[in-house]
Structures are given as C-alpha cells and as structure tokens.
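I'd like to go over a predicted model; first the sequence, then the structure.
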Amino acid sequence: MTAVIPQVPLAPTQRDFTSFFEECNSAPRINQLLGWFESTARGQSGRTTRNPEVDTRLFDRALLEKHGDYFGRFAEVFEYIKRSSLFANHYYGSIPYRLEENYRLGNAIIEYSQRISNRPLLYRSIGTGDSSMARAIAQFSEGSVEALCCSPNDMSAQNFAINGKPPHATFFHGPFHRLTNDVFNSHDELAQFASGFDIIHEDTTFQMYSPNREEQVSFAVRFLKRDGIFLCVEKFRHGDMDEYERRELQKDYGFKSRYFSSSEVAAKGKDVLVTMSKNQVTLDDMARVLKQHFDHCFVTWNSGNFYTLVASNNQENLDSFVASLGSPGVPKEFDYEEKLPRSIF
C-alpha cells in the first residue's frame, strides 16, 4: 500500500522564536566549538588512527536475506562518500556502532521512499557535519529522495561539493536555526522543500546548542509534514550519574580506543564533551517534549548513552518505517534496552 502523505506541513504556529534565535546565536556550536568542528573536519584534531569499518556480522540476518544485494549496493555508495570525509570518520569512531545503525537507517529511508507515489521523499538532515549519510541516501535513491543538509562550517561546505554538487542533495551553509520560512521561500534551490519534509533527522545537534529541547523541537517540526516522521539521535543524561559514567568509560575504552590515541580520547573528554554534557537532557525529558507534538514514539536504537527516537502522528507510516529497520546492529554489552523497538507513548 502506498503511504498517503499530504503536501502540508504541521499546523503553522504563532510562536515567537526571537529569543530562541538569540539563544542559538550565542550557543557553543557556532561560537566556542566552531573552531573544534572546523579543525576536526580538516583533520587537524580528533583524527582517527584508522577509519571505522562496518561490522557486517552485526546486521539482522532477516534484513540481509530480504534486501541483501540492495543493502550491499547502498553500503558501497555510503563507504565511498564516507572515505572522503575526515569528520565522518571521527563521528563513527566516537559513537559505538553508529556506522552500522546508519546503514540500517539509510536502507529504511530509501525503502520508505518507495511507498510515496508521484514525487520524491523530502528528507532533512540536521547535523552530521558534511552530511555523508544524507548524501549517500540521496545519491543511491536516484531521485526517490531529495535531501537537504546544513552545517555552519566552511570545511563541511567544501567537502559536500568536493566532486561537484551531489545528485539529489542540497546544502545550506549555516546552522539549522537559520533555515526559516523566509529562507526557504527566497532561495530557488530550497524552494522544493518549502512544502515541508517527510522525514526530519536530528543527529546529536541539539546538545551542541542548549538543553532547551522544547524550543529546538518546536522550531524543527514546524517544517515537518502532518504525517511525517521525526528522527532524533541523542546522547542522554542518566538519572544515575554513576551509570552514565560507567557507560562513558565503556565507550571510551571499549570502543573509541580502537580508533583514537589515548591522548585524543582524554583531550576530548576534558574539553568538548564537558560542554556537550551541560546541554544534554534525559530520555524522559525528551519524551515529554515529543509528546507535545506527536501521538506515537518509539525507541529504535541504543548504544551506551546514545539513543534513536522515531516519532509521528501517523501510526501506519511510523509502523511501516520501524518495521523496515530490522534489529539493531549493536553487541549486547552496549545495548541497555531489553527489547527494541520500544514504544514510549
């Protein structure tokens, strides 16, 4: 059955975002952390000792049996694009088994796009540097997905177009909060997205700005279609800080040490992660915010303190998307959820 997804964004809000824009303009991501992101994208800091490679042993056997060749061809496109990005390798070396998860997500997004007739699925990526994930999805889809990516960093913009403008992908050189209605309606290359997105994917970006998830989510989902899907990847605080720190040690010395020198792991822990941690919220906090906008939400992935949440107001569309994911590719010792996907409301 073809998903019925109207070309209508969520109901317009009269909310005044002036103070939110001011908060974002003074946030760490585009101020004290901007230089770190730039130097990491250029390989001047945070460089991996070797590039992360996907562990295919972790993939859902049923998913591979159903989509084996298709899945493998997407993996080839993803790997080709990822190899050109120093920041992407830093990212995948920093978050345990996120590489395997993005293969799974990318496959599900492309499969979901096939359910929409007569037009491409409109996909927005908020985060992930030069957006290698979004570029791979857009390129492999051959037109069934049109992607919009953004980053405030110069190197991300350069790397996005390193071999010319990628097919079916558009880049906005600036932070996510500067993509307003006026910007969508006044730039020809953004006009196709003005009607709203089918999927918006926030990837560890909000924590670089502030803990103000209520305003961040409210602003982001203004551009989501009524029956669209909101994906968020967050590193959550834990009610038990001893447990939070135990998972952090597991991440640093059970995973990151494979890809970074001990001095790199220690340096980031003392500097960048301290700033990020101040802007994290709990899973329960995020669930309360999402419940203000959506009727349904699942946890679909967990690795240590990192989680993926998927929310929508359309149960059929959400169930279809979640079912296409298959099981997470995470070793049991990093997965703290008894069973996924798990409905949280």
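Yep, that arrived. Numbers count the residues shown, from 1 in each chain.

And stretch 147-160, what's buried?
Within stretch 147-160, the residues that qualify as buried by neighbour count (16 or more other Cβ atoms under 10 Å) are 147, 148, 149, 150, 151, 152, 153, 155, 156, 157, 159, 160. In short, each C-beta sits where N, CA and C put it, glycine included.

correct me, but the fifth one touches residue 131?
Translated: residue 151. Yes. Taking contacts as Cβ atoms under 8 Å, residue 151 lies within contact range of residue 131: 7.1 Å.

Could you name every residue contacting both of these two?
By the contact definition Cβ atoms under 8 Å, 6 or more residues apart in numbering, residue 151 and residue 131 are jointly contacted by 160, 171.

Can you pull out the low-pLDDT segments for the stretch 201-345 of the chain?
268-271 (pLDDT under 70).

I meant the stretch 51-200 of the chain, not that one.
For the stretch 51-200 of the chain, the ranges with pLDDT under 70 are 68, 129-130.

mind running it again at 80?
Counting by pLDDT under 80, the low-confidence segments of the stretch 51-200 of the chain come to 62-71, 84, 128-130, 162-164.

quick check, nearest of the buried residues of stretch 147-160 to residue 192?
Relative to residue 192, the closest of these is residue 148; by Cβ to Cβ it sits at 8.9 Å.

So which elements touch the host helix or strand of that closest one?
Following DSSP states H and E, one finds residue 148 within strand 145-151. Packing partners of strand 145-151 (3 or more Cβ pairs under 8 Å, 6 or more residues apart in numbering; DSSP states H and E): helix 98-113, strand 121-127, helix 132-141, helix 154-160, strand 169-173.

how about the strands of the protein, start to end?
121-127, 145-151, 169-173, 197-203, 224-235, 296-303, 306-312, 342-343 (DSSP state E).

ok, longest helix in this protein?
Ordering each helix of the chain by length in residues (DSSP state H) puts helix 61-83 first.

Buried residues, that helix. List them.
63, 67, 71, 74, 75, 77, 78, 79, 81, 82.

do the same with stretch 275-292
Result for stretch 275-292 [16+ other Cβ under 10 Å]: buried residues 276, 279, 280, 281, 283, 285, 286, 287, 289, 290.

Show residues contacting the longest helix of the chain.
51, 54, 59, 88-89, 92, 102-104, 106-107, 110-111, 132-133, 135-136, 139-140, 326-327.

can you check stretch 89-97 too?
Contacts for stretch 89-97 (Cβ under 8 Å, 6+ apart): 40, 46-48, 51-52, 55, 58, 82, 98-99, 102, 128-129, 204, 251, 254-256, 258-260, 268, 303-304, 306, 328-331, 334.
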